[in-house]
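Peer 1: sequence and predicted model, in that order:
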Amino acid sequence: MGSNIWVAFLLFFIIITYEGYFIETVNSATVTYDHRALVIDGKRRVLQSGSIHYPRSTPEVWPEIINKAKEGGLDVIETYVFWNYHEPVKGQYYFEGRFDLVRFVKTVQEAGLLVHLRIGPYACAEWNYGGFPIWLHFIPGIQFRTTNAPFKNEMKHFLAKIVEMMKEENLFATQGGPIILAQVENEYGNVEWSYGVGGELYVQWAAETAVSLNTSVPWVMCAQDDAPDPIINTCNGFYCDRFTPNSPSKPKMWTENYSGWFLGFGNPIPYRPVEDLAFAVARFFETGGTFQNYYMYFGGTNFGRTAGGPLVATSYDYDAPIDEYGKLSSSWLENATSPFVNRNCIPSSYAAFLRQPKWGHLRDLHKAIKHCEEYLISSDPTQLQLGLNLEAHIYYKHSNECAAFLANYGSSSDANVTFNGHVYFLPAWSVSILPDCKNVIFNTAKVVSQRTAGDPIFASTTLEPSSWGWYKETVGSWSNSSFSSPGLLEQISTTKDTSDFLWYSISINIGPDQGTELFLNIESLGHAALIFVNKKPIGFGYGNHEDASFILNELVALNPGNNTVDMLSMMIGVQNYGPWFDIAGAGIFFVAIGDLDTGKVDLSGEEWTYQVGLEGEYLGLANISLANSSLWTTGANPPVSQTLIWYKVSFLAPEGKGPLALDLASMGKGQAWVNGQGIGRYWSTYLSPSTGCNSSSGYDYRGAYDANKCLKNCGQPAQTLYHIPRTWVHDGENLLVLHEELGGDPSKISVRTRTGQEICAYISDTDPPPANSWKPNSEFISQKPEVQLTCDQGWHITSIIFASYGTPIGSCGTTFTMGTCHADVLTIIEQACLGEEECSITISTETLGDPCPGVLKSLAVQALCSN
């Protein structure tokens with residue numbers, strides 16, 4: 001008996017060992033490339049990718065964001081690596097919490113997706129200082145991004161650090177990990193001209209250094225036409241169908257396809273219509289591309305002081321398919337045994353928020369392209385001109401088997417084209433996909449996925465009125481750490497980015513024979529400044545994202561004798577882009593005072609007193625440990641419209657399962673913290689220009705897109721709602737701290753959570769059936785279109801607001817009304833959908849009746865999703 005047990009144990013050990021080896025070998029993969037595509041384990045791949053930056057969300061929501069990306073049809077997750085937060089002090093590394101890079105890559109792997117790791121280490125990304133640590137700036141003799149020994153030494157060291165970390169965790173594809181690509185540098189080709197021959201040598205060095213690290217996966221350089229072999233040069237932009245790699249041996253790859261654009265304080269909100277985005281993607285694959293990446297697929301939030309500059313907003317939503325708030329995974333919650341997790345802070349589930357129809361339309365596009373993959377990897381495309389601005393690209397697997405893309409790249413005229421003996425309708429600025437060269441299963445201009453209708457429904461909680469505290473900031477120097485120096489100092493070199501703030505102070509003596517009303521003239525490199533004369537605020541100047549510099553002229557009343565001028569210069573993110581951006585300065589560089597009679601007196605070269613930061617920052621007023629400190633003045637009615645004042649208050653998180661938003665519409669400019677965590681900068685009083693947005697009649701997606709083509713919220717603040725991750729709050733009282741710089745009314749602040757959303761769909765008899773219903777050799781044209789409705793997870797369809805089959809009037813987001821032809825299908829829709837998370841209704845007269853034979857009919861449905 002004992003020997004049998006031993007034999008059984010030995011066999012079990014051999015099986016487990018063998019299976020472990022087998023699993024390891026099948027999971028490891030070779031990654032190479034040829035002129036058509038990346039080649040993974042000897043097979044060309046057509047890959048859809050999306051950017052998700054790990055620090056712009058929290059580890060608790062990573063799994064669901066990644067799973068939603070997979071559900072949306074992505075194969076690859078792309079992320080930068082953020083040097084300044086991984087090495088905040090030279091030689092001291094940080095890879096915890098939101099910055100746990102290994103955990104993020106493993107989370108992607110657990111979802112069954114691949115990774116493109118953009119190590120850089122320059123990121124841009126509208127991230128503070130482009131991802132460079134500020135200490136790098138102060139190394140003697142350093143020059144960034146050129147053939148400079150101090151810079152190259154530090155860059156190589158960090159590249160090697162990240163590569164070695166990935167190798168130690170077996171995260172490269174050849175080790176069984178998900179990383180199939182790595183990137184060195186970032187968009188250097190856009191600025192290389194400014195570095196001369198030093199730039200050319202730097203590109204060569206960066207490529208050689210990357211290859212020498214032996215990642216065993218290909219390296220890319222984006223927007224780098226002179227990327228040397230074997231580095232793949234890739235395209236970044238709104239369109240890349242006309243891009244050609246710099247070698248016939250390299251595949252056509254698109255590393256940044258902008259799903260929208262970033263937001264700057266003082267600017268309207270940019271958005272990119274999904275019809276145009278889908279058109280750009282389809283054209284890229286039509287013309288030979290095999291890898292494309294959405295920048296961003298999930299944008300997230302610039303928490304704390306991570307936002308770049310100048311004046312990049314806290315929201316990094318980017319009009320991405322998954323909106324800024326993401327979702328917490330229910331499966332993650334069920335298995336949350338990680339030491340990183342405080343289960344007392346976790347709700348039982350979380351609501352997900354997809355941007356519709358963008359997410360759904362792109363999902364359908366990815367399915368259609370996936371149906372063509374075997375053809376795309378089998379041959380180069382054959383181009384066929386079909387007319388003016390009309391063409392087809394055909395991919396053959398065999399002489400009698402093909403897939404085709406039909407394109408109308410004109411921006412104004414729809415067309416009928418003849419292809420393979422059949423007539424096809426092509427709206428302007430659209431591409432139709434035919435995986436069998438016969439059936440159209442997707443057209444980029446025909447959006448048949450659901451849409452959101454109007455704004456979300458919110459529940460709000462107000463702040464505890466009895467728990468207010470406030471602390472008035474000292475104007476000017478506040479400690480013996482202040483110092484004096486002749487002349488006006490550049491701000492970043494003085495503060496070393498330890499704070500957004502630098503005080504410039506000077507005393508001015510007015511003689512008995514001088515006038516007391518004088519003009520104060522201030523010029524600044526940016527980004528903003530609050531001016532005090534004799535400790536009273538007299539002016540505020542500021543720039544914008546495009547030009548952060550400004551000039552401020554104020555008529556000031558001075559007293560005979562001594563007067564003080566204190567100027568608080570403010571940074572809103574350190575510059576992150578442009579040639580030599582690392583030496584771009586900030587702060588006040590010219591000050592003069594005078595009148596029209598005597599002229600100006602230049603004070604710029606006088607002795608000035610400097611104070612880095614604010615007293616409240618030094619005291620740590622944002623920390624939970626000081627919530628009950630005697631430093632705070634307390635009361636039920638906090639002061640309003642006060643400059644340079646700190647507030648603290650308790651609040652109960654709204655009931656529910658979703659992420660939270662802090663409504664700061666009543667405030668001016670400042671920063672916010674919840675339970676000690678930095679929510680980010682806010683600036684509610686900086687309104688965008690009142691003109692330039694699209695008319696109420698909508699937008700025309702046709703024609704080339706740029707970041708200024710489609711704008712909304714003109715005349716409004718860029719942002720008033722600020723993301724609070726649900727895991728940053730807990731049951732009971734939570735602490736909110738604000739530093740208000742300009743003045744606001746804190747009593748009107750509220751904390752919101754989404755509790756519902758109206759969704760809708762408008763599908764006609766002639767729209768294509770769902771792309772995933774197509775099967776090879778099937779008569780797809782005989783299948784029927786469907787209305788498909790899905791609530792964000794955790795919600796159900798609780799009411800049907802409108803339902804009509806016939807000729808309904810209106811569109812999603814506006815009020816629907818019945819047309820002259822109408823079948824009352826409300827009962828049919830309610831039976832299919834009420835109480836469900838998702839439902840589908842086939843559009844056919846057999847299902848819905850025929851209220852007007854011979855008339856083209858549509859089904860319009862608007863429903864409410866809620867708890």
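Peer 2: It's in. Numbers count the residues shown, from 1 in each chain.
Peer 1: measure how buried Ser216 is and give me the count.
Peer 2: For Ser216, the count of nearby residues is 17 (other CB atoms under 10 Å). From N, CA and C alone the C-beta is placed, and that goes for glycine too.
Peer 1: what ranges do the strands span in the stretch 651-800 of the chain?
Peer 2: Counting by DSSP state E, counting those that start in this stretch, the stretch 651-800 of the chain has these strands, from start to end: 660-663, 669-674, 677-683, 711-712, 721-724, 733-740, 750-764, 786-790, 796-806.
Peer 1: again with the stretch 451-600 of the chain
Peer 2: Counting by DSSP E, counting those that start in this stretch, the strands of the stretch 451-600 of the chain are 451-462, 468-472, 483-486, 501-510, 517-524, 528-533, 536-542, 550-557, 561-570, 588-595, 599-602.
Peer 1: and of the ones you listed, who's closest to Ala761?
Peer 2: Judged by CB to CB, the one of the strands of the stretch 451-600 of the chain that comes nearest to Ala761 is strand 451-462, at 6.9 Å.
Peer 1: which parts of the closest one are buried?
Peer 2: By neighbour count with 16 or more other CB atoms under 10 Å, strand 451-462 contains the buried residues Arg451, Thr452, Ala453, Pro456, Phe458, Ala459.
Peer 1: re the thing from before, for Lys775, find the nearest of the strands of the stretch 651-800 of the chain.
Peer 2: strand 786-790 (15.7 Å).
Peer 1: just the residues contacting that closest one, thanks.
Peer 2: The contact list for strand 786-790, computed with CB atoms under 8 Å, 6 or more residues apart in numbering, reads 449-450, 759, 761, 763, 769-770, 797, 833, 837-843, 859, 861, 863.
Peer 1: go through the buried residues of strand 451-462 and name the one nearest Glu607.
Peer 2: Within the buried residues of strand 451-462, the smallest distance to Glu607 is 53.3 Å, found for Phe458 (CB to CB).
Peer 1: so what pairs up with the closest residue to that closest one other than its chain neighbours in the strands?
Peer 2: Spatially, and ignoring its direct neighbours in sequence, Phe458 is nearest to Arg752 (4.4 Å; CB to CB, 6 or more residues apart in numbering). Under DSSP bridges, the beta-bridge partners of Arg752 are Ser460, Ala661.
Peer 1: and what of Thr634?
Peer 2: Going by DSSP bridges, Thr634 forms beta bridges with Gly469.
Peer 1: contacting residues for it?
Peer 2: Ser467, Trp468, Gly469.
Peer 1: and which of those is nearest Cys222?
Peer 2: Nearest member of the contacts of Thr634 to Cys222, counting by CB to CB, is Gly469, at 48.6 Å.
Peer 1: wait, that closest one sits on Trp632?
Peer 2: Yes - judged on CB atoms under 8 Å, Gly469 makes contact with Trp632 at a distance of 3.3 Å.
Peer 1: for the residue nearest to Ser28 when sequence neighbours are not counted, give its distance to Lys167.
Peer 2: Take Ser28 and drop its neighbours on the chain: the residue closest to it by CB to CB, 6+ apart is Gly176, 4.4 Å away. Look at Gly176 and Lys167: by CB to CB, to the nearest Å, they are 12 Å apart.
Peer 1: then Ser690?
Peer 2: To Lys167, Ser690 is 55 Å away according to CB to CB.
Peer 1: before we move on, back to that, want to throw the strands of the stretch 651-800 of the chain into CSV with mean neighbour count and distance to Val423?
Peer 2: Below are the strands of the stretch 651-800 of the chain laid out as CSV (neighbours: other CB atoms under 10 Å; distance: least, CB to CB, whole Å):
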stretch, mean neighbour count, distance to Val423
strand 660-663, 21, 50
strand 669-674, 22, 59
strand 677-683, 24, 54
strand 711-712, 16, 38
strand 721-724, 24, 49
strand 733-740, 23, 63
strand 750-764, 22, 18
strand 786-790, 22, 25
strand 796-806, 21, 27
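Peer 1: in TSV: those strands, plus distance to Ser479 and mean pLDDT.
Peer 2: Shown next, in TSV, are the strands of the stretch 651-800 of the chain (distance: least, CB to CB, whole Å; pLDDT from 0 to 100):
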stretch	distance to Ser479	mean pLDDT
strand 660-663	31	96
strand 669-674	20	98
strand 677-683	23	98
strand 711-712	45	95
strand 721-724	30	97
strand 733-740	17	97
strand 750-764	34	94
strand 786-790	57	95
strand 796-806	57	97
